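> Return atomic coordinates for the entry below.
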Amino acid sequence: MSANVYPEITVSRRSPIIWLAPIQAAAAFTVLAVIAGGQMLRSWILAALFFLMAFPLMVSLEAGLVAMIMFEPFRGLTRRLQYLIVDYSQFDPIHVLTPLVALMALARLLQRHRFHIINATPLAGAVTILAGIFFVQIFNPLQGGMMIGLSGAMLMLVPVSWFYFGQVVNLRLIQIVLRLIVGIGIVTSLYGVYQLIYGYPDFERYWLEHLEFYVSIGVGHVKRPVATFSNAEEWGRYIGMGALIAFGFGVGAKQWLSRAGWLLCTAGLSSVLLFTGQRTAIFGLLLGFATLIVLGAKNLRGAAVRVALLLVPVLLITVLAKPPSEDEMWSKEDTETVGTLLSHTQRGTLQPTGEDSLYVRFEIWQELVTTVIPYRPLGSGLGAGSLSALKFSSGAEETAIDNFILVLAVACGIPGALLFVWILGRATLFAFRQTRRAMQSTSAMPASAEATTARIIAALMPIFILNNIFGLTFSLYAVAPIGWLLIGWVSAQEGRNQEQEQTADAGVTGQ
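Here you go, the predicted structure:
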């Protein structure tokens, strides 16, 4: 028998209560923050929101992206709710939460793929150059200060990072994002309808009283509803996307019950869009509907027939429908919000060239193209020409530019604006090409998931083009990341298709 004696190894065991320490600390700090109120409570709430968006990144990049997408439509309401505990201020720390999480996600992406992602797909090189121009323009002294440049970066540079996310995600995530837009659009619109019928709650009235540089929120004697978003334009663009996406899924659905559900969502979101007073969003949605229908044709003859059929109701409405007069809108009381906004929408939609605001817009554009942009062809700074300059520069003009392409021309110069137009145009061409390829490859089953998704994305691209000409779509918190994400996905798909074609050609040559 061996006389060796082995000492017993004891493993220290920690009480499970120790693992509850972070939760206990969070609960204690929450109580203290609630008691203290004011800035401490707001700081704790913002920290909690940041954690809720950043923590999913520990699970996966996709989870972090979904968390940010779900938060952005509620950023405006969250900001207004904080005025229950703090005073109004132009600079609000809530606007840095999503950019910080997006930069963390980009860092994780770079850690995984290194710098290969900056030129991994057909559009990646051009987008990287555009992002470089944006970054350099942050430090342009002509804009009036570093704060203006940093604020412009949060509006325009940070959303570009979503292009790189779009290059690496899969089809399943894209479909989840598209469905989320529909669902969130419906949920947020319920609050918008509440504002439309019952008016703004007290905390939002306080926000309206201190609001600056948002003249367009007024229509006649009433205020536009903004739902949970930061402004009415963002709400209109978002539910416009949602209505088109729901229509695309409805057209591609295989089961009648599913199709009916999607088309019901389309009808609901389209109806709400009429009461936002966003005429450009309405024209964009109509353009998206037409594009999606035409892309469903099997050949050019079928596409021509569909275009002709779509033009018939347009011509009938143009000839027969009579828009209400401007006096009718101004004659309504400040309690007639629904009637005022509907009259405003009807007039702008049925007679777009009869609006004085259209010609004022053209005059501003003419001055920019003939005077401002040629004077500084290389740009005045990333924040110049945007709301950032109005907020942080005492010498800025009071009239904001409502054309994102011209904003880029002012901020980044003519090269930056032309490069953005080229990227958007190429992405649209790629999206159309991918739709035709997906539908032809699944001719026996045209409602496949890939074909339906490609068709929806292709129909969204003309909306992005129109809304960037008559609006600031790619600087809206909840919309710009979606646009860049889809452009990244389209670019990645085009790269995969090119590789497949090269492989097929090499195989034929080898034979």
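
> backbone phi and psi for the closest residue to residue 101 other than its chain neighbours, please?
In space, and not counting its chain neighbours, residue 101 is closest to residue 53: 4.6 Å by Cβ to Cβ, 6 or more residues apart in numbering. Yep, even glycine has a C-beta here, placed from its N, CA and C like the rest. Per-residue torsions, residue 53: phi -90, psi -30 (degrees, to the nearest 10).

> ok, residue 53 - contacts?
Contact analysis of residue 53 by Cβ atoms under 8 Å, 6 or more residues apart in numbering lists 64, 67, 68, 71, 97, 98, 101.

> Report pLDDT for it.
We note a pLDDT of 94 for residue 53 in this prediction.

> Repeat that for residue 38.
For residue 38, pLDDT reads 68.

> Buried ones in stretch 53-68, by neighbour count?
The neighbour-count check on stretch 53-68 (16 or more other Cβ atoms under 10 Å) flags 53, 54, 56, 57, 61, 62, 64, 65, 66, 67, 68 as buried.

> can you check stretch 473-492 too?
Per 16+ other Cβ under 10 Å, stretch 473-492 contains these buried residues: 473-492.

> Return that stretch as CSV; C-alpha atoms alone will do.
This file holds the C-alpha atoms of stretch 473-492, laid out as CSV (Å, rounded to 0.1, in the frame of the first residue of the first chain):
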residue,chain,number,x,y,z
THR,A,473,-33.4,61.8,-45.7
PHE,A,474,-29.8,60.7,-45.3
SER,A,475,-29.4,62.9,-42.2
LEU,A,476,-32.5,61.7,-40.4
TYR,A,477,-31.7,59.7,-37.3
ALA,A,478,-34.0,56.7,-37.9
VAL,A,479,-33.8,56.7,-41.7
ALA,A,480,-30.2,57.4,-42.7
PRO,A,481,-28.8,54.2,-41.1
ILE,A,482,-31.4,52.1,-42.9
GLY,A,483,-30.5,53.7,-46.2
TRP,A,484,-26.8,53.1,-45.8
LEU,A,485,-27.3,49.5,-44.5
LEU,A,486,-29.3,48.7,-47.7
ILE,A,487,-26.7,50.3,-49.9
GLY,A,488,-24.1,48.1,-48.2
TRP,A,489,-26.2,45.0,-48.7
VAL,A,490,-26.7,45.8,-52.4
SER,A,491,-23.0,46.4,-52.9
ALA,A,492,-22.2,43.1,-51.2
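
> Report the distance from that stretch to the chain centre.
The chain centre lies 6 Å from the centre of stretch 473-492; the measure is Cα atoms, centre = their mean, to the nearest Å.

> Name the SS class of residue 121, please.
In three-state terms, and counting by DSSP: H, G, I helix; E, B strand; the rest coil, residue 121 is coil.

> what's the burial count for it?
Residue 121: 24 surrounding residues under other Cβ atoms under 10 Å.

> returning to that earlier point: now go through the contacts of residue 53 and say which are in helices.
The members of the contacts of residue 53 that map onto helices under DSSP state H are 64, 67, 68, 71, 97, 98, 101.

> Closest to residue 86 out of these?
residue 97 (15.9 Å; Cβ to Cβ).

> For the buried residues of stretch 53-68, give me CSV that also has distance to residue 231.
Below are the buried residues of stretch 53-68 laid out as CSV (distance: Cβ to Cβ, whole Å):
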residue, distance to residue 231
53, 22
54, 26
56, 27
57, 28
61, 29
62, 29
64, 26
65, 24
66, 24
67, 23
68, 19
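
> rewinding a little: measure the residue nearest to residue 101 to residue 69 for me?
Separation of residue 53 from residue 69 (Cβ to Cβ, to the nearest Å): 10 Å.

> circling back to that earlier point, greatest separation within the ones in helices among the contacts of residue 53: which pair is it?
64 and 97 (12.7 Å).

> Strands of the stretch 101-250 of the chain, start to end?
For the stretch 101-250 of the chain, the strands defined by DSSP state E, counting those that start in this stretch occupy 218-219, 222-223.
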